[in-house]
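In: sequence plus predicted model, see below.
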Amino acid sequence: MPQRAIDLFSTIEKPDKIIFTVLFNACSQIQTKNAFDFRKKVFNQLPIECRHSTDLLYSVLNMFIKRDDLDDGECVFNRINRFNFLWIDDEILQFNAYGINGMGLESVQLFHKVPATMLDNCIYVCTLNTCSHSELVNEARKIFETIPINQRKEQILTTMVDAFSCAFDFDQAQKLIEEFERYNPPSIPMYMSLLSSTRNEKNASLSQKIFDRIESNFPDAKNVLTSAAVLLANTHALRGNTSMATNTFRAPDQSHSCSSEIYTELNKLQAELIAHGYKLDASWITRPLKDNETPESVLCAYNEGIAIVFNLIQRPMPTRIQIMQNLRICGDCHAAIKLIAQIRQCLIVIRDANRIHHFYPNGQCSCQDHF
């Protein structure tokens, strides 16, 4: 109940650093502009005796990062360094912030500033993961080669497998897996990372081979097999082989009080998208259509689109739109939202189940289409 914690804060006459820490942790869970303005105001008015608290500054850093305010986050991070109590968790949090926001080069630069004596499994994993999701496979390879062989634990190898997979270098990814399995049992995350990337490349034959290996290596891992089957189904569907694919779909929401206005604007936006070259990609529909459905009715009323349009009908129209969703964004939605940001000249930030996407007014996304 983060909002209740914020409401209670106003009733406390002399809050101490513990109260402030709890407040900022609560604020990090609320993504509205009013909540962010409030917590920023409170932070700027912090008593001097509270500004040297590691716990408090850590909660502030976490708050700024979750809001995608990396400039203020870096200021807090640098303040921690100036007070000479650099906390390794702050380093890791900063690496993760760069990672989910697609700032791979910044992460690599931060990595090279870390003293060799402080480099550990967590920092290696965070840096390689950021490179993986920023299309910096060469930088990831260079960092990986500096890691002593006896320190290349499963997490590090898994992250490097993911880096190769995201770059569609499946031969190198499989080579790492084979080397790992010479002395260790098979690793589920390695295979799932490989399978996810073969889905993104629509490589149905390799996806099937990887799925077969997962099924052979982990016959009792029911949840893993279910997830792997969904990825395999998506791969077949993307190839147009819907007879091999099965999936589920949730109907678009029409319960909002502004639904009529939202859908009017959505229809207008769809016409603008088509005029700017958008072509609906029906291969992302992974189930048979019902009698009353068309590809347009299924894909065009996607939940992210409805949330975006709700912001677009506000007056004045915001220049920055931020939404969250519990699922990974699909390829058709991703392509459409890049165009929407370009057409309406606004920044659209979407936090999905996997990462934070920054759709810029120039029509590009921070993930560089690796999602």
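Out: Sure thing, it's come through.

In: going forward, measure contacts and count neighbours with C-alpha atoms only.
Out: OK.

In: now do the same contact list for the closest residue to residue 331 other than its chain neighbours.
Out: In space, and not counting its chain neighbours, residue 331 is closest to residue 284: 7.0 Å by C-alpha to C-alpha, 6 or more residues apart in numbering. Contact analysis of residue 284 by C-alpha atoms under 8 Å, 6 or more residues apart in numbering lists 234, 237, 238, 330, 331, 332.

In: and the first one, what helix or strand is that in?
Out: This points to residue 234. Taking DSSP states H and E as the definition, residue 234 sits inside helix 222-238.

In: flag every buried residue along stretch 101-119.
Out: For stretch 101-119, the neighbour count (16 or more other C-alpha atoms under 10 Å) marks 101, 102, 103, 104, 105, 106, 107, 108, 111 as buried.

In: tell me which entries of those residues lie within helices.
Out: 104, 105, 106, 107, 108, 111 (DSSP state H).

In: ok, so of these, who is nearest residue 188?
Out: Distance to residue 188, by C-alpha to C-alpha, is smallest for residue 104 among these, at 25.6 Å.

In: domain assignment for this structure?
Out: As given by automatic domain parsing, the domain ranges for the chain are 1-86, 95-183, 185-247, 259-359.

In: for the ones you listed, which has the smallest mean pLDDT value?
Out: If the domains of the chain are sorted by mean pLDDT, domain 1-86 sits at the bottom with a mean of 68.

In: quick one: residue 322 is in a strand?
Out: Yes: according to DSSP: H, G, I helix; E, B strand; the rest coil, residue 322 belongs to a strand.

In: hang on, the earlier thing: ok, the contacts of residue 284 vs residue 50, which is closest?
Out: Set against residue 50, the nearest of the contacts of residue 284 by C-alpha to C-alpha is residue 330 (44.0 Å).

In: just the buried members of the contacts of residue 284?
Out: If you count burial by 16+ other C-alpha under 10 Å, the buried members of the contacts of residue 284 come out as 234, 237, 238, 331, 332.

In: got those as TSV, with distance to residue 53 columns?
Out: Formatted as TSV, the buried ones among the contacts of residue 284 follow (distance: C-alpha to C-alpha, whole Å):
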residue	distance to residue 53
234	48
237	53
238	51
331	44
332	46
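
In: for residue 267, see how far away the residue lying closest to residue 365 once chain neighbours are set aside is.
Out: Among residues not flanking residue 365 along the chain, residue 359 sits closest, at 4.5 Å (C-alpha to C-alpha, 6+ apart). From residue 359 across to residue 267, the span is 21 Å (C-alpha to C-alpha, to the nearest Å).
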